[in-house]
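Novice: here's a sequence, model it:
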Amino acid sequence: MKNADKYGNPSYGKAYLTLFLAGLVGVIALVPTSVRQLQHVPGLPDIPVPVLAILSMLQPLVLLAIAVAVGTWLAPRVGLTSLLADKTTKGEPLWNRLRPQMPAALAFGLVAAVILPLLDIFFQPWLPASLTSAAPPRDLSFTVSAMLYGGITEELLLRWGMMPLLAWIGWRLFQRRRAVPGAAVMVTAIVISALLFGAGHLGAVSVLAPLTPVLIIRTILLNAAGGILFGWLFWKHSLEAAMVAHASAHVVMTLVTILLQLF
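Specialist: Prediction:
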């Protein structure tokens, strides 16, 4: 299917629309969590918090539109796959292809669910009270929001959009003779996209507390650690495997939080 890879053709449009709508579900799911977080932010404009929460969704919506466009164009060129896009454009079965990837996805989700809380506990003594008090409770509403926004939208932003772009740049600069990027370029793209994702959270953290070296390291490390795991899954399996791992990590972290509260 030569035409399936060309920017702007019907196959591209189908894949783009399918993935964008999937990401849009995650953006909408973020609204309830944003409402609760904004209630703890001092000095907000004299605008109802729900309206501010909806307005705050404009930025991720624009970024989602750009990321899906870039990923749908570049991901196939660097050997990265979305099963959902393939289902839409080529009619290939989604579940039959995803099922063999599920053990790795769930295992990586469990690893992320263990590593991230341990890192958070390690940094707790250096965190200001304003930051810890602003963290939303890990209840059902937060978990569903995190699964949909984190598991779908963030994976589209970072894995589907950023990672193929970095891999393509590295490929064209350093490995032009290869048919697809090699391991060095792909691993570099995984790590850089994860670090950029972590750095992207510094603005939101700075609203809640002054940025210190420890807080900067903590913010980048906590957000990048999972991204490296999910990026590897995307590279070796599919975007959907990374999505499953990301979403399942939030489920496990919520279950562990509930158990700790009970006992």
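Novice: can you pull out the low-pLDDT segments for this structure?
Specialist: Low-confidence segments of the chain (pLDDT under 70): 1-9, 35-53, 130, 132-135.
Novice: report the central residue of it.
Specialist: The residue lying closest to the centre of the chain (C-alpha atoms, centre = their mean) is Glu154, at 2.6 Å.
Novice: what helix or strand does the residue lying closest to that residue once chain neighbours are set aside sit in?
Specialist: Excluding the flanking residues, the one nearest Glu154 by C-beta to C-beta, 6 or more residues apart in numbering is His246, at 6.9 Å. Where you see a C-beta, it was placed from the backbone N, CA and C, and this is true even at glycine. For His246, the host element (DSSP states H and E) is helix 239-262.
Novice: again with Pro164
Specialist: helix 163-174.
Novice: then Ser145?
Specialist: Residue-wise, Ser145 maps onto helix 140-148 under DSSP H and E.
Novice: so what angle separates the directions of that helix and helix 239-262?
Specialist: 160 degrees (axes from the mean of the first three to the mean of the last three C-alpha atoms, to 10 degrees).
Novice: hmm, back to that, contact partners of the helix holding Pro164?
Specialist: 70-71, 74-75, 77-78, 80, 178, 180-181, 184-186, 188-190, 192-193, 231, 234-235 (C-beta atoms under 8 Å, 6 or more residues apart in numbering).
Novice: which strands and helices lie in contact with the helix or strand immediately after that helix in the chain?
Specialist: Past helix 163-174, further along toward the C-terminus, the next helix or strand under DSSP H and E is helix 183-199. Judged by 3 or more C-beta pairs under 8 Å, 6 or more residues apart in numbering; DSSP states H and E, the packing partners of helix 183-199 are helix 163-174, helix 213-236.
Novice: can you list those in TSV and add mean neighbour count?
Specialist: Shown next, in TSV, are those (neighbours: other C-beta atoms under 10 Å):
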stretch	mean neighbour count
helix 163-174	20
helix 213-236	20
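Novice: tell me which of the ones you listed sits nearest to Pro100.
Specialist: helix 213-236 (11.9 Å; C-beta to C-beta).
Novice: from start to finish, how long is stretch 199-219 in a straight line?
Specialist: This stretch, stretch 199-219, spans 7 Å end to end (C-alpha to C-alpha, to the nearest Å).
Novice: for the nearest residue to Ala146 once chain neighbours are set aside, what are its contacts?
Specialist: Ranked by C-beta to C-beta, 6+ apart and with sequence neighbours excluded, the top spatial neighbour of Ala146 is His250, at 4.2 Å. Counting by C-beta under 8 Å, 6+ apart, His250 makes contact with Ala113, Thr143, Ala146, Met147, Gly150, Gly151.
Novice: which one of those residues is nearest Tyr16?
Specialist: Proximity of the contacts of His250 to Tyr16 was ranked by C-beta to C-beta; the top entry is Gly151 with 19.7 Å.
Novice: which residues of the stretch 1-150 of the chain fall in helices?
Specialist: 10-29, 31-38, 49-56, 58-74, 83-90, 95-98, 102-123, 129-134, 140-148 (DSSP state H, counting those that start in this stretch).
Novice: which strands and helices sit next to the shortest one?
Specialist: What that stands for is helix 95-98. Where contact means 3+ C-beta pairs under 8 Å, 6+ apart, helix 95-98 is packed against helix 83-90, helix 239-262.
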